[in-house]
Structure formats: C-alpha cells, structure tokens
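> With the input below, show me the fold.
(one chain, ligands or ions: 1)
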Amino acid sequence: MLAIIGGSGMTQLPCLEISHRQIIRTPYGEPSGPLTFGKIRDRDVVFLARHGHGHTIPPHAINYRANLWALHSLKPLHVIAVASVGGIRSDLAPGRLVVPDQIIDYTYGRSFTYFDSTEQRVTHIDFTLPYSQQTRALLLQGAKNANTEIIDGGVYAATQGPRLETAAEINRLERDGADMVGMTGMPETALARELELNYATIAVVANYAAGRGTNVNGIPLKEINAVLEQAMVRVRNILEHVVSCHGD
Ligand code: HPA
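Numbers count the residues shown, from 1 in each chain. Now for the predicted structure:
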C-alpha cells in the first residue's frame, strides 16, 4: 500500500476510487481526519488530508504524531507528502514542482518526537538525509513517466506560520541555504524517520517567497489558489504514475 498526505490545494484525491473511510485512534490522539482507502490504477492507496477534510487545521495545530502513527499502523511501502511552499531560489517560480532532499527546522512548540518518555532509553535517529532515497527516486521516476517536469533536490525551510514570512526572514533563510519555505515539513519528516517510514515530499511552489520575484511589496494571496489548482493536476498525474511503478 502507498500512503499519500495531501496539503493545501489537495484535500481530496479525485483519481482515488474510494472503498471506505476509517477513523483511526492513536495513543497520540486523532489524526487530522478519517483515512480514505481506495485504489488508483488498481493499486491500494490510503489518503489523509493534513489540514483536515475542510482545510480547517492550521500548520502549528496539526497532530503530526497521530497522522504519522495512523499511517504507520497500515505498514505502507511509501508515504508521499504533498506540500505547498514559497519559492526562495530564483528558479522556483509559482507552479514549479520540487522533490526536496534537505530540510531545516525553524518550528517551535510542536509535538515533534515519539521519543520523549523518561521511561524508555534515550533514542536518537540518524537524520543526515532526512528523506527516503527510495521514495525520492520513486517520485522522480513517476514524474519522468508522466512526462512532467520536476526539480530534483532543494532545501526546505520549515517555518512556524500561520503568518507568512518577512522579506528579512526570507533573506536569512536563504543565507542559511534554504531554497523553499513551507509550514508543515517539520516535525512531519522527522516523525516519519522515527517510525522508519519511507517518506518523501513533492513540494508545490504556490508563490514566490516574501520579497522575492514579483513579490517585492507583498504576496498576492488571492493568486495562490489558482496556482495550486493548476499544479495539483500535474501532481495527481505524477501520483498515478508513481502508484503504477511502485509495486505492491
Ligand atoms: N511561506 C511559508 N509557507 C508557504 C508559503 C510561503 O511563502 N507558500 C506556501 N506555503
């Protein structure tokens, strides 16, 4: 089975032939919503809308631990996260798709680990390469098969939100080495590693980051939905090809 976490612009997957929905309770509480089970091209897929079915849960209030725990309980071969980002690097224009290979965490106050009990031995995870190389390769292959352009690699900066950044903050993120900025990459990526899931992200550039590109004086929020809507058509196409090539 393949698991897909949908972000802004993807609260459902129209290409999924739904068989049922299931509410899964976890030791960490409830996920963002019921898991949707079904098939794409005859392959088993489970889908979870990260911000809830009606897109009501802001990035800092998402129960990332419950979300990943629920998906982990299904033993998926891969977990594919779809996430919208602001483009910092000049070629990351609105509508571009990227498979990031690194991440920097600027979030705070979120429940970010499963290993916080004082009852168990202290556990560290290796996070040198934060995304699964196999899952990244699968996404890149899926994009190739779908004849859809996607950028291989980039550094994702995970910010707290829900507000967007100042231009100075974006300059700082760039000096830190970030290519794109989003609000949900952490702790999701780290929790996936703690659970040893094969996890990778398709980042969808929704806008130029603050102060970048055409957004010197502000980010035109009204334009974001249209960009995401168009880009998600390509993302869904990639996902269909990914499902076809991943095996069961
Ligand atoms: N900043 C942070 N998160 C985002 C952005 C942004 O500009 N665009 C989409 N998600």
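
> Below-threshold pLDDT in the protein: ranges please.
By pLDDT under 70, the weakly predicted segments of the chain are 246-248.

> For it, what lies in contact range of the ligand?
The chain has residues Ser84, Val85, Gly86, Thr159, Leu164, Glu165, Val181, Gly182, Met183, Ala206, Asn207, Ala209 near the ligand, with proximity defined as Cβ under 6 Å from any ligand atom. Every C-beta, even on glycine, is put in place using the N, C-alpha and C of the backbone.

> quick one, longest helix in this protein?
Identified as the longest helix of the chain according to DSSP state H is helix 221-245.

> In this structure, what residue spans correspond to helices?
64-72, 133-145, 167-176, 185-194, 221-245.

> and Arg172, how many residues sit next to it?
The number of residues packed around Arg172, counting by other Cβ atoms under 10 Å, is 14.

> Repeat that for Val122.
Other residues lying near Val122 total 7 when counted by other Cβ under 10 Å.

> Number of residues surrounding the residue in the chain positioned nearest to the ligand?
With distances taken as Cβ to the nearest ligand atom, the chain approaches the ligand most closely at Gly86, which sits 2.3 Å away. Neighbouring residues of Gly86 were enumerated by other Cβ under 10 Å; the total is 28.

> Let me see the contact set for the nearest residue to it once chain neighbours are set aside.
Of all residues beyond its chain neighbours, the one nearest Gly86 is Ala209 (3.6 Å), with distances taken as Cβ to Cβ, 6 or more residues apart in numbering. When contacts are counted by Cβ atoms under 8 Å, 6 or more residues apart in numbering, Ala209 is found next to Gly86, Gly87, Ile88, Glu165, Ile170, Leu173, Met180, Val181, Asn215, Ile219.

> Apply 10 Å and report the result again.
Contacts here follow Cβ atoms under 10 Å, 6 or more residues apart in numbering; on that basis Ala209 touches 85-89, 92, 157, 164-165, 167, 169-171, 173-174, 178-182, 215, 219.

> Mark which of these are buried, thanks.
85-89, 92, 157, 164-165, 169-171, 173-174, 178-182, 215, 219 (16 or more other Cβ atoms under 10 Å).

> right, and Leu191 touches Ala70 too?
No - with contact defined as Cβ atoms under 10 Å, Leu191 and Ala70 do not form a contacting pair (11.5 Å).

> And the strands in the protein?
2-6, 17-22, 35-40, 43-49, 78-87, 97-99, 102-105, 151-152, 155-158, 180-182, 199-208 (DSSP state E).

> Pairing partners for the first one, with directions?
This points to strand 2-6. The strands that strand 2-6 pairs with in its sheet are strand 43-49 (parallel), strand 78-87 (parallel) (by DSSP bridges).

> just the second one next, same as before
Strands flanking strand 17-22 in the sheet, each with its direction: strand 35-40 (antiparallel) (DSSP bridges).

> contacts for the partner strand?
Against strand 35-40 from outside (Cβ under 10 Å, 6+ apart): 1-4, 6, 12-13, 15-24, 44-49, 53, 67, 70-71, 73-74, 236, 239-244.

> Just the buried ones among the residues you listed, please.
2-4, 6, 13, 16, 24, 44-49, 67, 70-71, 236, 239-243.
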